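Engineer: need a 3D model of the following:
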Amino acid sequence: LVSPGARIYLADLEAGVWTDFIAPVPGYRLDEAQAPAPGFYRVSAGDTGTAFLAALSAPPTPWMVLVEVPGSEVLAGPQAVLRWFLLTGAILVLLAGLAGWILAGRLTSGFSELAGAAHALSQGREDARVPVTRRDEVGFLGHAFNQMADQVQGTRKALEEALAASSTREAEAREIRDQL
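Structural biologist: Next up is the predicted model:
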């Protein structure tokens, strides 16, 4: 019930005498406003650092029973939980970062192909198309780009045919004018 490093003291607060049930020991200076009130105290334990005291008075006597537990023992459990939370949190952050990196790569992979095809089309390569292998927004965008490239190619072909027909009619018109 009590940790192995705990020490039990009996104090006479009026006389200022402390004992560990073997011999008198130097006592703690508790806040005058709190003593002899029962409660928990955090005190300096000299070379060992912080200690925690649980105090219980024995009315109507001036005696008080104190249990001293080294701070390292009291805080060992919460510190272990804190380390576990920090480690778990760090692992979760790394996993979230990895998942984000994978998703970002997957989402943006189609855009590089689309950008390359758009550049090729702007350079005059009318056969530039994007392979549509996905059924998401990027795949929809690739499909729309391919339709646009087909329309550009069809419009250009129609314009070339119209220009050729116009050139043929112009040549025929010159020939008729020259004959007249």
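
Engineer: quick check: phi and psi on M64?
Structural biologist: Per-residue torsions, M64: phi -140, psi 140 (degrees, to the nearest 10).

Engineer: that one contacts Y41, correct?
Structural biologist: No: if you go by C-beta atoms under 8 Å, M64 and Y41 don't touch, sitting 11.0 Å apart. (C-beta placed from N, C-alpha, C; glycine too.)

Engineer: which one's more surrounded, those two?
Structural biologist: Per other C-beta atoms under 10 Å, whichever of M64 and Y41 has more neighbours is M64, with 21 against 16.

Engineer: overlap in contacts of M64 and Y41?
Structural biologist: Jointly contacting M64 and Y41 under the rule C-beta atoms under 8 Å, 6 or more residues apart in numbering are A55.

Engineer: give the pairing partners of the helix or strand of the chain with the lowest mean pLDDT; include direction for each.
Structural biologist: When the helices and strands of the chain are scored by mean pLDDT, DSSP states H and E, strand 39-44 comes last with a mean of 75. With DSSP bridges as the test, strand 39-44 is paired with strand 50-57 (antiparallel).

Engineer: now do the buried residues in the partner strand.
Structural biologist: A51, F52, L53, A54, A55, S57 (16 or more other C-beta atoms under 10 Å).

Engineer: and it, what's its mean pLDDT?
Structural biologist: Strand 50-57 shows a mean pLDDT of 83.

Engineer: output it as CSV - backbone C-alpha positions only.
Structural biologist: Backbone C-alpha positions of strand 50-57 (Å, rounded to 0.1, in the frame of the first residue of the first chain) are rendered in CSV as follows:
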residue,chain,number,x,y,z
THR,A,50,11.2,16.8,-3.6
ALA,A,51,9.1,14.7,-1.3
PHE,A,52,5.4,14.5,-0.7
LEU,A,53,3.9,14.2,2.7
ALA,A,54,0.6,12.9,3.7
ALA,A,55,-0.3,14.3,7.1
LEU,A,56,-3.0,13.2,9.5
SER,A,57,-3.6,14.9,12.9
